[in-house]
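1. Starting from these lines, generate the structure:
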Amino acid sequence: KAELEGRLKMRERLLSFGVDYLDDSMAGILPNDLVLIGAGSGVGKTQICCNIALANIEKGKRVHYFALEADQFEIERRLKFQLFAKYFFQDPDRPKINLSFSSWIMGDMWESCKLYEAQADDEFTKKYKNYWTFYKQDKFDVSDMVYNVIGIAETDLIIIDHVHYFDYDEDRENKAIKEIA
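-> Next up, the predicted model:
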């Protein structure tokens, strides 16, 4: 009976990949899962981490994102652009412009899209109260990670983007990766 109750309670803590195929095939992210995402440079690892964060933030989950390789505010910009694009494409009377992340980030459409920017800001402020980003400044090793995780009162999801950006003794790479895990 206790085993069954434990399984049923897991559903309450089930997290999403933010990708229907992965959620369907793997039932989502279960409590205590450690999910590693690996791929070549520039193929979208950070973006899938942002999608995972966004899907869970929208469900009211508490998400802590450790962006070890990203520029300051890069993750928030990626998340906000998705909100901006949602409002842009929902409007049948939207401006006839070619929407892209790079043109948005550079402010190319600021004048013609102030409404969508305001809507994205408003939603970000209201819905993302349970989201925190940590950006690596200088040194960041396993003890820094432990210190930061202990400082988190409660969380549903911790994302560590670019685990290879941890600082560790070059001679102990395998041991360091094990410690991180």
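
2. Packing partners of the lengthiest helix in the chain?
-> Using DSSP state H, we find that the single longest helix of the chain is helix 74-90. Applying 3 or more C-beta pairs under 8 Å, 6 or more residues apart in numbering; DSSP states H and E, one finds that helix 74-90 contacts helix 45-57, strand 63-67, helix 101-105, helix 114-127, strand 131-135. Where C-beta positions appear, they are placed from N, C-alpha and C, glycine not excepted.

3. mind giving me TSV with these and columns for mean neighbour count, mean pLDDT and distance to Ala85?
-> Putting these into TSV (neighbours: other C-beta atoms under 10 Å; pLDDT from 0 to 100; distance: least, C-beta to C-beta, whole Å) gives the following:
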stretch	mean neighbour count	mean pLDDT	distance to Ala85
helix 45-57	20	93	12
strand 63-67	23	93	20
helix 101-105	13	93	8
helix 114-127	15	93	8
strand 131-135	17	93	18
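
4. Looking at those, which is nearest to Lys178?
-> Ranking the helices and strands packed on helix 74-90 by proximity to Lys178 (C-beta to C-beta) places strand 63-67 first, at 17.9 Å.

5. Could you list every helix and strand in contact with the closest one?
-> Applying 3+ C-beta pairs under 8 Å, 6+ apart, we find strand 63-67 packed against helix 45-57, helix 74-90, strand 131-135, strand 157-161.

6. could you give the angle of it to strand 157-161?
-> 10 degrees (axes from the mean of the first three to the mean of the last three C-alpha atoms, to 10 degrees).
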